[in-house]
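J.: 3D model of this:
(chains A and B)
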Amino acid sequence: MSAGIDVAVRGTARAAGPGRLRVLRTGARSATVWVVAAVALLLVTIVGFLLSAGSADSRPLHWDSSAPDGGRAIVEVLRDHGVEVTTTESLTEAQTLAAEPGTTVLIHDPSGNLEPSTQSEFAQAAADGENSLVLVSPGLYVDGYTDGITTATQVTDAQNSAEPMPPDCEWEPARRAGAVSGTANRYASTGLSEGRVTICYHHPWDQAGYGAVAREQLPGHDITVLADPHWLSNAGLDEQGNAALALGALGGHERVVYYYPQASDQPWAQQDGRPANPLALVPTWFGVAFLWLIPLLAALMLWRGRRLGPLAVERLPVIVPPVETVIGRAGILQRSGAREQALHSLRTAALLRLARRLGLPPSARAADICDAVAAHTGHDRAQVHRAFIEAVPTSDRQLVDIATEISNIESEVSHP
Amino acid sequence: MAPTWRFAALVALAAVPVMLVPGWHAAGLVIAGVLLISALDWLLTPNPAAIAAQRTPGRQVRLGEETTSTLTLVNEGGRTQRLLVRDAWVPSAGAEDVRFRTRLRAGEREERVLRLVPRRRGVLPADRLTLRSSSWLGILNRQRSFAVPAAIRVMPPFLSRRHLPSKLAKLRELDGRTATMIRGMGTEFDSLREYVRGDDVRSIDWRATARARQLTVRTWRPERDRRVVIVIDSSRLAARRSGAGTVFDAALEAGMLLSALAAGGGDRVDLLVADARVRTSAGPITAHDPLSKVSTVLTEVEPELIDADWNAITSAVMRISAQHAFVVFITALDPATIAEDMLPALPALRARHTIAIASVADPELADMSQDVFSPAQAYRAAAAERELLETRSLIHALSEMGIRSVHEEPDELAPRLADLYIALKATGRL
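T.: Below is the predicted model of the structure:
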């Protein structure tokens, strides 16, 4: 039948799709929709979680960090006490704010990002604005802010540096705060501004003049060094008199500027051509191109992933592996160690074949066949008898040996 | 909807403006632009639902030959269609080059011939037809898949056909030989003719001689118009793998050769395929074109994983032939099945008919019994030998009961069964 006649007689089929409503109804029932919905929900959840978690900072004593070593609590506490707290990571903003009068400038620089010149600028700004400068755990960098205080090292055999420390000084806020949690960091007066430096908080075993809080009262302004960031941290704030000490040190003015220095924001990072971040060397367009790989990959997946029609499915006729039962029976024989039974089958089959080849009647006895085989092949009669009748295998190895011998003898008897 | 490489290229190109003006706004704008262009292109693309299609399958073939299917596409819409077509068939239909591109103007039609080299017997259906239509931009294609029902019929290969001429010749030889008036069982009266010297005097018909007033002899020929019933078992035992197909294929070969031979020999042949029920039957098959009917009937049957119901099969055979017939069961010589299921059902048949059992031997068994070089091999060889011994004793037991049996490897079964038929016919035991 030609195709033309066929089409004329039987007509044609076309992709006349079902109605929109039907498509929607069957679509809603299809698993794809629900899988896609589940994946979308999951994505939204993940993105939401990341966004909420991403806003939290985990840097020590950072005002956005609610971790145990974060600084969110101290900022809240200060605000509760009517202190206006301004937080900044920008150097220029911090410097501007630090110059305004009636301000306490809090600097926590654990990475040592500030240059000595910047440090002295902050000290100068504090002096100009008659402000307070509070340094949290500045370590060696304290020298950049003032000549009067330096970090102190000592050798003690004391183990329990965490033991609370009494104020033991004349500075009023420290006296009010009472004992605070212990630390091993110590500061001392250099002697250059003798009489104006107050050293507070030390363990009994410390060297004289060493303390965890050093306060330099200069004309018009003051510099306070707090040795332990733990006092201000979320976890440490409610221990001992930590909170009171922090409030006393920071609450002297109506405004607090909390400056958290950034490496990328420093003059040396821009001027020296010594980039803090090697990524800063990469041009912006490269990052954009890199990010653009995501939509590009999605487009490529859409292009390559779309099949030209569904897979052709075929119902194939059933096929059973052959000699399955025989293999199963062999396994049973082997597992149960039925060597004699197995050997009996091999012997019977071989003897029947040999009898036929040697022209013996089917009723011939095994011994007669063995004699005929021995005569035909020239083998020792006893050997043939052993192989075909007498030998009893005691191990699988022997079974194989006897079976091989049977097979060898059989192959020597040529076809009639 | 199916994006093309152009869509991917468009997305890649869109990176350039974003790289020049980095920022989220630029990225959003550019992506919106890409989506807008794609949507416009999708609107520009003609709907493939406007294409009407039909498949015209080619002639039915034997396995091993090739056939064709003609796909007709008619553009019933008003727009020119640029199409990528996939004319999918089931894998074993052996379709080549199922994908092609074409361009159809409004109202235009196209016929495309697909070459099919089927890889198995049966009715092999076409799968869905997929059309992917694109606009001249070709950014976003439209794609539809829909059913265009068609199927090709692939008949059994009948490879044992090559044995047919020689077996038929043997049958005719038989014919010719017995025409020399050897009278005996299995012969029937043919005609009367004038006596010539050398004719057996025992065959002189004295009554006819008296009537005709000259010596007249009777001639005899082998009996004709015997009934042959071939039963092919399609139960689980026929589903054993053998070569590329199953044991059932070898059984079909044997059944077809015997049908053709017996029909050629002037007998009435009926063929049954049965397991728990009669799956298909053909008959009576006569000398005129014996194979076409059998081949057609046997095209669709496949073995199933169920046990044969021998009582049902027996009664089906009884219904087919009330008078004496030669009944051949092509099944498996499985001792348990034969003893427990088949023989109890047979007495009624044995009383009335001549019965033979043909069975396909597993070539693997002989191979397995050869190797004894490791314990596992030795046990397998033992199990294989045991199976062979059991089969042999079963054949022996069957012949004691007067049931002939043929147990051969797949390639040999058909000619050996034909030989059995010829031998029975020659000795007049049909």
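J.: chain A contacts on the stretch 201-350 of chain B?
T.: B:236, B:239-242, B:246-247, B:302-305 (Cβ under 8 Å from any Cβ of the partner chain). C-beta: built from backbone N, CA, C; applies to glycine.
J.: if we go to 10 Å?
T.: Applying Cβ under 10 Å from any Cβ of the partner chain, one finds that the stretch 201-350 of chain B approaches chain A through B:236-242, B:245-248, B:301-305, B:334, B:336.
J.: any low-confidence regions in the stretch 101-250 of chain B?
T.: B:175-188, B:221-223 (pLDDT under 70).
J.: and A:G71, how far from chain B?
T.: Shown here: A:G71 relative to chain B, a distance of 31 Å by Cβ to the nearest Cβ, to the nearest Å.
J.: count of neighbours near A:V197?
T.: By other Cβ atoms under 10 Å in any protein chain shown, 24 other residues sit near A:V197.
J.: thinking again about what came up before, just the ones of the residues of the stretch 201-350 of chain B next to chain A in strands?
T.: In this view, those that belong to strands under DSSP state E are B:241-242, B:245-246.
J.: buried ones from those residues, can you make that a ChimeraX selection?
T.: ChimeraX command restricting these to the buried ones, with burial defined by 16 or more other Cβ atoms under 10 Å in any protein chain shown:
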select /B:241,242,245,246
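J.: among the ones in strands among the residues of the stretch 201-350 of chain B next to chain A, which one sits closest to chain A?
T.: The closest of those to chain A turns out to be B:R241 (Cβ to the nearest Cβ; 4.9 Å).
J.: pretty sure the closest one contacts B:E364?
T.: Yes. Assessed by Cβ atoms under 10 Å, B:R241 is found in contact with B:E364 at 9.4 Å.
J.: which neighbours do these two share?
T.: A:321-323 (Cβ atoms under 10 Å, 6 or more residues apart in numbering or on different chains).
J.: of all those residues, which comes closest to A:H62?
T.: Nearest to A:H62 among those, counting by Cβ to Cβ, is A:P321 at 69.5 Å.
J.: centroid-nearest residue for chain A?
T.: Centroid-nearest residue in chain A, with Cα atoms, centre = their mean: A:L50, separated by 14.8 Å.
J.: where's that residue, which helix or strand?
T.: Assigned by DSSP states H and E, A:L50 belongs to helix A:31-54.
J.: quick revisit: list buried residues within the residues of the stretch 201-350 of chain B next to chain A.
T.: Buried among those by 16+ other Cβ under 10 Å: B:236-242, B:245-248, B:301-304, B:334.
J.: do a quick rundown of the helices in chain B.
T.: Ranges of helices in chain B, per DSSP state H, are B:5-13, B:15-20, B:24-44, B:164-178, B:206-212, B:247-264, B:290-298, B:310-320, B:335-337, B:343-345, B:347-352, B:363-368, B:375-400, B:410-426.
J.: coming back round to it: farthest-separated two in the ones in strands among the residues of the stretch 201-350 of chain B next to chain A?
T.: Using Cβ to Cβ for every pair in those, the one that comes out farthest apart is B:R241 and B:G245, at 7.7 Å.
J.: hey, where'd the strands end up in the stretch 101-250 of chain A?
T.: Applying DSSP state E, counting those that start in this stretch to the stretch 101-250 of chain A gives strands spanning A:103-108, A:132-136, A:149-152, A:186-189, A:197-200, A:210-211, A:213-217, A:222-226.
J.: what's the closest of these to chain B?
T.: strand A:103-108 (32.5 Å).
J.: OK, contacts around A:P295?
T.: Taking Cβ under 10 Å, 6+ apart, one finds B:8, B:11-12, B:14-15, B:18, B:27, B:30-31, B:34 in contact with A:P295.
J.: which of those residues come close to chain A?
T.: B:8, B:11-12, B:14-15, B:18, B:27, B:30-31, B:34.
J.: any idea which element the residue nearest to A:D64 when sequence neighbours are not counted lies in?
T.: The spatial neighbour of A:D64 that comes closest, neighbours along the chain excluded (Cβ to Cβ, 6 or more residues apart in numbering or on different chains), is A:D57 at 3.8 Å. According to DSSP H and E, A:D57 maps onto no helix or strand at all.
J.: the bottom helix or strand of chain A by mean pLDDT?
T.: helix A:267-271 (a mean of 64; mean pLDDT, DSSP states H and E).
J.: tell me the angle of whichever helix or strand comes after it relative to helix B:24-44?
T.: Where DSSP H and E defines the elements, the next helix or strand beyond helix A:267-271 is helix A:284-305. If you take axes from the mean of the first three to the mean of the last three Cα atoms, to 10 degrees, helix A:284-305 sits at 30 degrees to helix B:24-44.
J.: in stretch B:406-417, which residues are buried?
T.: B:406-408, B:410, B:412-417.
J.: swap in stretch B:210-219?
T.: Applying 16+ other Cβ under 10 Å to stretch B:210-219 flags B:216-219 as buried.
J.: in strands, which of the residues you listed appear?
T.: With DSSP E as the criterion, strands contain B:216-219 from among the buried residues of stretch B:210-219.
J.: just the helices in the stretch 101-250 of chain A please.
T.: Ranges of helices in the stretch 101-250 of chain A, per DSSP state H, counting those that start in this stretch, are A:116-129, A:142-145, A:172-177, A:242-250.
J.: among these, which is the most enclosed?
T.: helix A:242-250 (a mean of 23; mean count of other Cβ atoms under 10 Å in any protein chain shown).
J.: can you name the next helix or strand after that helix?
T.: As assigned by DSSP H and E, the chain's next helix or strand after helix A:242-250 is strand A:255-259.
J.: any regions of chain A where pLDDT drops low?
T.: A:1, A:16-20, A:53-56, A:157-159, A:268-277, A:415-416.
J.: could you pull up the residues touching B:A332?
T.: Contacts of B:A332 by Cβ under 10 Å, 6+ apart are B:233, B:235-238, B:240, B:247, B:251, B:308, B:338, B:357-362, B:391, B:407.
J.: same deal with B:V228?
T.: Counting by Cβ under 10 Å, 6+ apart, the residues that B:V228 touches are B:258-259, B:261-263, B:265, B:267-271, B:283-285, B:321, B:325-328, B:354, B:421, B:424-425, B:430.
J.: and the chain, what are its domains?
T.: I went with chain A, as the question did not name one. Using automatic domain parsing, the domain ranges for chain A come out as A:72-261, A:324-412.
J.: hmm, no, I was thinking of chain B.
T.: With automatic domain parsing as the reference, chain B has domains B:2-44, B:48-155, B:189-222, B:224-426.
J.: which of those domains has the lowest average pLDDT?
T.: Lowest mean pLDDT within the domains of chain B: domain B:189-222, a mean of 82.
J.: distance check, the closest residue to chain B within the stretch 251-400 of chain A against B:Q81.
T.: Of all residues in the stretch 251-400 of chain A, A:G309 sits closest to chain B, at 2.9 Å by Cβ to the nearest Cβ. Remark: distance between A:G309 and B:Q81 (Cβ to Cβ, to the nearest Å) = 17 Å.
J.: higher neighbour count, those two?
T.: It is B:Q81, of A:G309 and B:Q81, that has more neighbours when counted by other Cβ under 10 Å, with 24 against 21.
J.: how many residues are close by the residue nearest to A:E412 when sequence neighbours are not counted?
T.: Excluding the flanking residues, the one nearest A:E412 by Cβ to Cβ, 6+ apart is A:T377, at 4.7 Å. Using other Cβ under 10 Å, A:T377 has 17 neighbouring residues.
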